[in-house]
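1. dropping a prediction and its sequence here:
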Amino acid sequence: METVKSCLEEKTKLLKDNSITTPRLEARLLLAKAVNKDLNWTYLNLEKRISKKKLSKYKILIEKKLKKFPTAYLLGYKEFYSMNFKVNKNTLIPRPETEIIIDEIKKNFQNKKKFSVLDLGTGTGCILLSILREFRNARGIGIDKNLETIKMANTNSKKNNLLKRAKFITSDWNQKNFFKKILNVNKKFNGHEKFDLVVSNPPYLLKNEMKKLIPEVTYEPKESLYDNEDGLSFYKRVLPEINSILSKNSYSYFEINPKSLKNIEKICKNNNFYNCQYIEDLSGKKRFVLIKN
Ligand SMILES: C[S@@+](CC[C@H](N)C(=O)[O-])C[C@H]1O[C@@H](n2cnc3c(N)ncnc32)[C@H](O)[C@@H]1O
């Protein structure tokens with residue numbers, strides 16, 4: 001029978017030989033998943049034997065990893081802003097660069113008493129739920145056109161004890177009456193129509209970027225990554241209408257494709273937003289546009 005140590009050694013080598021990055025960590029994470037323990041267990045139980053059943057489960061996970069299946073999908077979760085979010089093939093895997101949006105919001109909302117948030121294209125709900133966890137006085141609505149992601153966002157809301165302050169609904173921002181509808185939803189949920197904070201990480205990849213995706217990303221839902229147009233359709237659709245759903249002194253933070261910066265600046269100006277700020281990610285790329293109302 002194989003032990004934790006021998007399994008880890010063998011699979012680490014296999015992953016490494018197949019150019020999987022951080023092979024030792026991957027081997028550990030997947031072993032922990034196969035034996036239904038946490039990562040720590042794999043460090044503390046090197047001589048433990050692994051049953052045949054668990055070993056075959058481990059082998060299946062490793063085979064998927066060799067095909068570059070994303071680890072978050074194999075584990076069924078991803079950490080975002082120190083919270084644990086369930087993920088599946090219907091949801092984009094939350095990205096570390098998106099976490100910056102929460103830090104930025106914290107700078108501007110620290111002294112706000114009560115406020116309401118709208119998250120457009122909520123996916124796992126990671127942005128909205130992280131904001132609600134940071135601000136006990138906030139309530140928010142997350143929308144997504146994909147019903148399966150809305151189910152996952154609700155699961156994550158329940159898991160993190162935020163059901164009372166978060167509402168997730170299926171809706172498409174391209175619908176004709178979208179903005180009117182969302183104001184009505186907010187009125188029922190929050191008692192007032194307009195939002196103090198609107199956030200989004202919309203699909204923004206370019207057509208040529210879609211052709212060069214790294215293998216792991218090809219497993220993620222296409223409509224999370226690409227709008228089937230020029231990667232700008234969200235901004236073109238939302239910016240002309242955004243004032244109608246914003247309260248006075250509100251903030252909008254939208255993640256952007258650094259490669260589309262010039263076009264985003266143009267869309268902002270065309271909609272009379274002359275004082276937009278651009279926030280950099282950790283690699284120094286302009287990753288968010290901030291619009292103050
Ligand atoms: C880049 S993902 C972001 C997910 C999540 N907010 C995050 O940061 O991890 C974009 C999300 O927008 C949703 N989406 C795409 N087009 C949409 C539309 N027209 N209306 C509503 N949601 C849309 C996708 O289903 C996807 O969940």
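-> The structure has been received and is ready for your questions. Model, not experiment: these values are computed from the prediction. Numbering: from 1, shown residues only.
2. secondary structure class for the residue nearest the centre of the chain?
-> With distances taken as Cα atoms, centre = their mean, residue 94 lies nearest the centre of the chain, 3.1 Å away. Classification of residue 94 by DSSP: H, G, I helix; E, B strand; the rest coil places it in coil.
3. do you know the pLDDT at it?
-> Predicted confidence (pLDDT) for residue 94: 98.
4. quick check: phi and psi on it?
-> phi -50, psi 140 (degrees, to the nearest 10).
5. same question, residue 170
-> Torsion angles, degrees, to the nearest 10, at residue 170: phi -80, psi 120.
6. bridged to it, which residues?
-> residue 144 (DSSP bridges).
7. what's near enough to touch residue 156?
-> The contact partners of residue 156, taken as Cβ atoms under 8 Å, 6 or more residues apart in numbering, are 85-86, 124-126, 129. Where C-beta positions appear, they are placed from N, C-alpha and C, glycine not excepted.
8. and for residue 200?
-> Counted by Cβ under 8 Å, 6+ apart, residue 200 has contacts 119-121, 234, 238, 253-255.
9. for those residues, which one is nearest the ligand?
-> residue 121 (2.5 Å; Cβ to the nearest ligand atom).
10. which helix or which strand is home to the nearest residue to that closest one once chain neighbours are set aside?
-> Nearest residue to residue 121, sequence neighbours excluded (Cβ to Cβ, 6 or more residues apart in numbering): residue 202, at 5.1 Å. Using DSSP states H and E, residue 202 sits in no helix or strand.
11. same question for residue 234.
-> helix 233-238.
12. so for that helix, what's the average pLDDT?
-> 98.
13. and if you look at stretch 211-219?
-> The model assigns stretch 211-219 a mean pLDDT of 97.
14. first-to-last residue distance for it?
-> 13 Å (Cα to Cα, to the nearest Å).
15. report the buried residues of it.
-> 216-217, 219 (16 or more other Cβ atoms under 10 Å).
16. make a markdown table out of these and add secondary structure and distance to the ligand.
-> Below are the buried residues of stretch 211-219 laid out as a markdown table (DSSP: H, G, I helix; E, B strand; the rest coil; distance: Cβ to the nearest ligand atom, whole Å):
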| residue | secondary structure | distance to the ligand |
| --- | --- | --- |
| 216 | helix | 15 |
| 217 | helix | 11 |
| 219 | helix | 14 |
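17. how about the helix holding residue 234: buried residues?
-> For helix 233-238, by 16+ other Cβ under 10 Å, it's 233-235, 237-238.
18. between the residues you listed, which is closest to residue 63?
-> Ranked by distance to residue 63 (Cβ to Cβ), the buried residues of helix 233-238 are led by residue 234 at 36.9 Å.
19. tell me the confidence at the closest residue to that closest one other than its chain neighbours?
-> Spatial nearest neighbour of residue 234, excluding adjacent residues (Cβ to Cβ, 6+ apart): residue 202 at 3.5 Å. pLDDT for residue 202: 98.
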